[in-house]
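1. generate coordinates for the sequence data below:
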Amino acid sequence: MEAARSKANEGAAWADACTEWDDWDKRSPPFRVHGDTYHVGTCGISAILVAGSEGHVLLDSGTRDGARVVLSNIRTLGFQPQNVRAVLTSHEHFDHVGGLWWINQNTGAQIFTAPAAVEVLQSGKPSRDDPQAASLDPMRPLEATLVSAVEPGEPLVIAGLTFTPIATPGHTPGALSWQWQSCEDGECRTIVYADSLSPISSEGYRFSDNPAYVAAYREGLARLAATECDILLTPHPSASGMRGKILADDMGTGKDCRGYAEDRLAMLEERLAQEQAQ
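-> Prediction:
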């Protein structure tokens, strides 16, 4: 643990290697976010490793090819993939969880996801309720025994590490955000990995035709806005301005959970207004 902290860079190398909204599978160096929380994803897609003395927890896998970068970055930090005990998911799209099968093959980790995402991960096929269903690539299905549903709002303890899942549906029906604490030198900071939450859809889908879905979307945004959040991370690094945070030498600067939720709510309102005008 101490060796990983001492040799992991603080993000400057990642910012040098990556640009805004970079390629999903572009290799990037891992870096320490705070304490024992590390970014081990690619330039364009986040994957977060939280290391613990009893085992580690990974948030998201990246794409099928991106999962190779994630596994390599875990090893680069000096950790062993077989010590990853669990993978927590954000939302059930191939760019963020398409590499789960490969991660599981190298770690044996159990996958924890939202109830609405369980069938998607087990079948590899998008939910019919997903606004992007018609334009999504399939994923390699997972055996039912590998996928467990969590109860949003109920803390989940894995290998001595505690994570709270927050229901934030909208970008997908089964989207989750996650909250935990990481400490270093006596300073503990609350970290939130907030889901994408952008109102994107396949051609022909109208959010305004699905009032119950929009209501749940709004509730999730309000829930996120009220969440304690010292450091904000997102599945697409640029969505939370991660590169700017690194360049400012403060991962707690810039957009926080409330600002991020308000930004996404404005996007939703704009999308609904456009649909009503058509």
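
2. make it CA atoms for all contacts and neighbour counts henceforth
-> Will do.

3. quick check: the closest residue to residue 25 other than its chain neighbours vs residue 129, distance?
-> For residue 25, ignoring the flanking residues on the chain, the nearest one in space by C-alpha to C-alpha, 6 or more residues apart in numbering is residue 66 at 4.9 Å. Using C-alpha to C-alpha, to the nearest Å, one gets 26 Å for the distance from residue 66 to residue 129.

4. now swap in residue 5 and tell me
-> 42 Å.

5. check residue 195 too.
-> Distance of residue 195 to residue 129, computed by C-alpha to C-alpha: 17 Å.

6. more neighbours: which of those two?
-> residue 195 (26 against 13; other C-alpha atoms under 10 Å).

7. three-state assignment of the more buried one?
-> Residue 195 carries the three-state label coil when classified by DSSP: H, G, I helix; E, B strand; the rest coil.

8. and the contacts of the biggest strand by length in the chain?
-> Scanning the chain for the strand with the most residues, using DSSP state E, yields strand 176-184. Outside strand 176-184, the residues that touch it by C-alpha atoms under 8 Å, 6 or more residues apart in numbering are 34-37, 89-91, 113-114, 162-169, 188-195, 229.

9. can I get the buried part of those as one ChimeraX selection?
-> A single ChimeraX command selects the buried members of these (16 or more other C-alpha atoms under 10 Å):
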select :34,35,36,37,89,90,91,113,114,163,164,165,166,167,168,169,189,190,191,192,193,194,195,229
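
10. can you tell me which of the contacts of strand 176-184 are in strands?
-> 34, 37, 113, 162-167, 188-193.

11. closest one of those to residue 19?
-> residue 193 (20.3 Å; C-alpha to C-alpha).

12. nearest residue to that closest one other than its sequence neighbours?
-> Nearest residue to residue 193 in three dimensions, chain neighbours excluded: residue 233, at 4.7 Å (C-alpha to C-alpha, 6+ apart).

13. what of residue 208?
-> For residue 208, the closest residue by C-alpha to C-alpha, 6+ apart turns out to be residue 272, at 6.0 Å.

14. gap between that neighbour and residue 5?
-> Residue 272 sits 45 Å away from residue 5, taking C-alpha to C-alpha as the criterion.

15. and residue 249, by the same measure?
-> The spacing between residue 249 and residue 5, counted by C-alpha to C-alpha, is 17 Å.
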